[in-house]
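Chemist: sequence plus the predicted model coming up.
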Amino acid sequence: MSHELVLAQVRPWGSTLQPVTIGRSHVVLQAPDGHLWDSVRDAFWGHHLDMCMCEDQTDQLELMRATLRCVAEEMYRIDPQAMIQHLFDGSELFFRCYMLDLSNRDLLEHQGTVFKHAQLSSLGWSVLAMLEATKPVIIDHDDATQQRSAAIQRGEQRILAS
């Protein structure tokens, strides 16, 4: 089954967040614990991943989205060298560490080794659905984060085209 069909059947991560209007028009999202977030991606980054909000997470979430999509398409098995080259700047060590981190965060499941047998977990599919739905359109490449995000998106296209 194609990953698009699976994503169509998955409830995206963050679907339990509730919109709350502050003042006349400022809408934020409220998590079940009461915490308020500016976006679903912010809630995922700051709450679920417990990452620092002091940095722009766009490029890091784009790397996660592209990696999860490549796992869904089984590109890590078909052409791992393309993933290593285009998403991980040629670093096999970074690729291996990243795959282990995704597995430790329960986004991947596997029998044997994560490098040969990885599949998206139900949480991984849910996160991929959210990241695909909130994928940024990169227009201005003046910002370093946007440059990295654009490079990740181009790399993903090269991998999936091969």
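Modeler: Structure received. Model, not experiment: these values are computed from the prediction.
Chemist: so D56 sits against T145, correct?
Modeler: Yes - D56 is in contact with T145 according to C-beta atoms under 8 Å; the separation is 4.6 Å. Quick note: C-beta positions are derived from backbone N, CA and C, even for glycine.
Chemist: what is the burial count for M99?
Modeler: 23 (other C-beta atoms under 10 Å).
Chemist: can you pull the pLDDT of it?
Modeler: On pLDDT, M99 comes in at 92.
Chemist: so where does it fall, helix or strand?
Modeler: Per DSSP states H and E, M99 falls inside helix 92-104.
Chemist: buried residues, that helix. List them.
Modeler: Going by neighbour count (16 or more other C-beta atoms under 10 Å), the buried part of helix 92-104 is 95-96, 98-99, 102-103.
Chemist: next one: stretch 31-42
Modeler: Buried residues in stretch 31-42, counted by 16+ other C-beta under 10 Å: 31, 37, 40-42.
Chemist: quick check: phi and psi at the residue in the chain sticking out farthest from the centre.
Modeler: Largest separation from the mean C-alpha position in the chain: R24, at 32.3 Å (C-alpha atoms, centre = their mean). The phi/psi pair for R24 (degrees, to the nearest 10) reads phi -90, psi -30.
Chemist: how about R69, what does it touch?
Modeler: With contacts defined as C-beta atoms under 8 Å, 6 or more residues apart in numbering, R69 is in contact with 3, 128, 132, 156, 160.
Chemist: counting by contacts, list what the regular element (helix or strand) spanning A151 packs against.
Modeler: For A151, the host element (DSSP H and E) is helix 144-161. Under the contact definition 3 or more C-beta pairs under 8 Å, 6 or more residues apart in numbering; DSSP states H and E, helix 144-161 sits against helix 58-72, helix 80-87.
Chemist: just give the nearest non-adjacent residue to the residue nearest to the spatial centre of the chain, would you?
Modeler: Geometric centre of the chain, nearest residue: R65, 2.8 Å, by C-alpha atoms, centre = their mean. Distances taken as C-beta to C-beta, 6 or more residues apart in numbering put L131 closest to R65, at 3.8 Å, once the chain neighbours are dropped.
Chemist: ok, E109 next?
Modeler: S121 (4.5 Å).
Chemist: isn't the residue nearest to the centre of the chain right up against G124?
Modeler: No - between R65 and G124 there is no contact under C-beta under 8 Å: 11.1 Å.
Chemist: just name the shakiest helix or strand of this protein by mean pLDDT.
Modeler: helix 3-8 (a mean of 63; mean pLDDT, DSSP states H and E).
Chemist: mind showing which ranges of the chain have poor pLDDT?
Modeler: Along the chain, segments meeting pLDDT under 70 span 1-8, 113-115, 140-141.
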